[in-house]
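In: build the 3D model from these lines:
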Amino acid sequence: MPRRPSRRRLLVALLAATLVVVVADVSGWSATDRVRALGATVLGPLERVAARGGGAALEASDSRAARTRLGYDAAVDARTTEEARQLRALLDSPGATGARLVPARVVAVGSQGVAGPERVTIDVGSRDGITADRTVVNADGLVGRVVATGPWTSDVVLVGSADLAVGVRVGSAGTLGALTGATGPTRASGATGATGVTEATRGSGVRPRPAGQLDLQLVQRGSVAVGDAVTTMGSTGGRPFVAGVPVGRVSSVDPGGGRFAPTAAVQPSVDVTRLDVVGVLLTAPRTTPRAAVEGTAR
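Out: Model prediction:
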């Protein structure tokens with residue numbers, strides 16, 4: 001089977017023939033027209049072969065571009081589908097039950113703590129009706145609170161931040177407590193090591209917290225057990241926190257050590273390192289007075 005000429009040989013032949021025609025033109029050779037005709041006869045098939053090669057390369061490039069576009073479109077479609085799924089889950093979650101909310105996406109990450117980001121920026125702001133001290137949730141529970149707004153964006157301080165304390169209820173009895181980040185004001189201040197445990201907690205009877213867990217301190221005598229649900233207690237007018245939003249579950253209980261109220265570690269419901277679609281709860285202050293009721297006589 002005869003070997004097909006390589007592309008390099010075709011190019012050499014084209015260059016040689018072109019050189020012959022140029023020399024003939026410069027020298028004024030009377031047979032230039034015949035040379036041109038001969039060149040066209042000889043080089044025509046070669047040019048078509050070369051053109052087919054170039055066309056194949058161009059088609060391959062177009063094919064790669066088309067595949068790239070298809071891959072990009074598929075990624076966009078998958079992203080849109082995932083956002084729709086997260087929004088649906090958010091609207092069906094306990095934290096959003098009966099509430100008006102503005103959906104948003106996390107678009108920037110701010111300061112970092114020992115367990116991840118402590119602040120993020122979301123893509124809704126004052127022009128969307130957002131004001132400071134609004135509760136931010138996702139499908140899993142409490143994300144944080146709005147601390148600053150611009151026309152189109154807002155800053156949110158996250159659960160686990162040293163700047164955020166949350167009043168909570170613990171367990172089925174609803175025992176009152178305060179929840180902070182592992183380096184927050186609930187603990188005595190001290191240097192923070194690489195594990196996120198303050199030096200002041202060593203030897204204090206408080207167990208070291210794994211990165212990402214929260215400190216719970218009950219504000220009244222009561223019991224707390226591993227697995228107890230922790231939810232928001234709520235604030236006046238629902239700001240900064242509405243009541244009943246899941247915050248996490250008790251993961252361990254600290255030894256008593258003579259303290260007045262128990263302390264414990266809480267595993268948060270929300271993974272702040274994987275935030276995407278969130279909702280800002282819009283709650284209006286109560287304006288209708290509650291009616292007085294009488295107790296039942298025994």
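
In: so for stretch 151-160, what gets flagged as buried?
Out: Counting neighbours by 16 or more other C-beta atoms under 10 Å, one finds that the buried residues in stretch 151-160 are 153-160. Bear in mind the C-beta positions are built from the backbone N, C-alpha and C, glycine included.

In: so which of the residues you listed sit within strands?
Out: 154-158 (DSSP state E).

In: if we can go back for a sec, turn the buried residues of stretch 151-160 into JSON lines, columns for distance to Glu118 and pLDDT.
Out: Output for these, formatted as JSON lines (distance: C-beta to C-beta, whole Å; pLDDT from 0 to 100):
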{"residue": "Thr153", "distance to Glu118": "17", "pLDDT": "94"}
{"residue": "Ser154", "distance to Glu118": "15", "pLDDT": "94"}
{"residue": "Asp155", "distance to Glu118": "11", "pLDDT": "94"}
{"residue": "Val156", "distance to Glu118": "10", "pLDDT": "95"}
{"residue": "Val157", "distance to Glu118": "7", "pLDDT": "94"}
{"residue": "Leu158", "distance to Glu118": "6", "pLDDT": "94"}
{"residue": "Val159", "distance to Glu118": "10", "pLDDT": "93"}
{"residue": "Gly160", "distance to Glu118": "7", "pLDDT": "88"}
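
In: can I get those in TSV including distance to Gly244?
Out: Formatted as TSV, the buried residues of stretch 151-160 follow (distance: C-beta to C-beta, whole Å):
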residue	distance to Gly244
Thr153	28
Ser154	23
Asp155	25
Val156	20
Val157	20
Leu158	19
Val159	15
Gly160	20
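
In: name the nearest of these relative to Ala173.
Out: Nearest to Ala173 among the buried residues of stretch 151-160: Val159, at 22.7 Å, using C-beta to C-beta.

In: hmm, back to that, make CSV out of the ones in strands among the buried residues of stretch 151-160 and add distance to Pro240.
Out: Shown next, in CSV, are those (distance: C-beta to C-beta, whole Å):
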residue, distance to Pro240
Ser154, 13
Asp155, 13
Val156, 11
Val157, 10
Leu158, 13
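
In: now the two most distant members of those residues.
Out: Ser154 and Leu158 (12.8 Å).

In: wait, Pro103 touches Val277, no?
Out: Yes - counting by C-beta atoms under 8 Å, Pro103 does reach Val277; the two are 6.6 Å apart.

In: which one's more surrounded, those two?
Out: Shown here are Pro103 and Val277; by other C-beta atoms under 10 Å, Val277 has more neighbours (20 against 17).
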